[in-house]
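Asks: below is the sequence, then the predicted model.
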Amino acid sequence: NYGYNHVKNVDMVLGIEFPRPDDYHKNRFQISNFCMASKPRNPILGHVLDAIMKNLQEKPDQHDQILIRTGPVALTTAVLEVFNQSGVAQPDVQQAFNDGRGKLFEVMGNKVVILPYRAFGYSSFHGPDVIKGDGHDRLVVHEHLQRWL
């Protein structure tokens, strides 16, 4: 129950993977890239794809670059670039993504919902520094069947 039932025609749904800075300290939080939803031809997702294609050309194809090049750090960085270019302020991470229900944003004429950690998170791989619960609010489960790092 995230309280967005009243919102009609949401254009993009994202979820928080980590409600803390990423390992490279590029972003205050990290958006999950294993599960998302978007309307067709969404300009925000278009920017993300363009940024990742640029990363493929500019960043080395090395094991230690995966998260920055094509992973959740790349996704989060590109999404936040669009937010910043559109004058959309980033939310308080603790209030919106750890304790709260996430946040609805208006970006480039799109309604974007970023759901809190408990919607997509709760992985044992995430360590003791993120809030864990009983998982009843999870919308999806990442099975972590393969490691990419």
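Replies: Looks like it came in fine. Residues are numbered from 1 along each chain as shown.
Asks: where in this protein is pLDDT low?
Replies: 1-8, 121-138, 141-149 (pLDDT under 70).
Asks: report the central residue of it.
Replies: Central residue of the chain (C-alpha atoms, centre = their mean): I31, 1.6 Å from the mean position.
Asks: helix or strand right after the lengthiest helix in the chain?
Replies: Longest helix of the chain, by residue count under DSSP state H: helix 43-58. As assigned by DSSP states H and E, the chain's next helix or strand after helix 43-58 is helix 66-69.
Asks: which outside residues touch the next helix or strand after that next one?
Replies: Downstream of helix 66-69, the first helix or strand assigned by DSSP H and E is helix 72-85. Helix 72-85 is contacted by residues 14, 17, 22-24, 26-27, 29-33, 43-44, 47-48, 50-52, 55, 67-68, 89-90, 105, 107-108 when judged by C-beta atoms under 8 Å, 6 or more residues apart in numbering. For glycine as for every other residue, the C-beta is placed from the backbone atoms N, C-alpha and C.
Asks: circling back: burial of the spatially closest residue to the residue nearest to the centre of the chain that is not a sequence neighbour, as a residue count?
Replies: Spatial nearest neighbour of I31, excluding adjacent residues (C-beta to C-beta, 6 or more residues apart in numbering): T76 at 4.4 Å. The tally of other residues near T76 (other C-beta atoms under 10 Å) stands at 25.
Asks: ok, now the one 5 residues further on?
Replies: A count of nearby residues for E81, using other C-beta under 10 Å, gives 14.
Asks: buried sites along the longest helix of the chain?
Replies: Neighbour counts using 16 or more other C-beta atoms under 10 Å place I44, L45, H47, V48, A51, I52, N55 of helix 43-58 among the buried residues.
Asks: what sits closest to the first one if chain neighbours are left out?
Replies: Translated: I44. I44 sits nearest to V82 (C-beta to C-beta, 6+ apart), 5.1 Å away.
Asks: separation between the one you found and R101?
Replies: For V82, the distance to R101 (C-beta to C-beta, to the nearest Å) stands at 22 Å.
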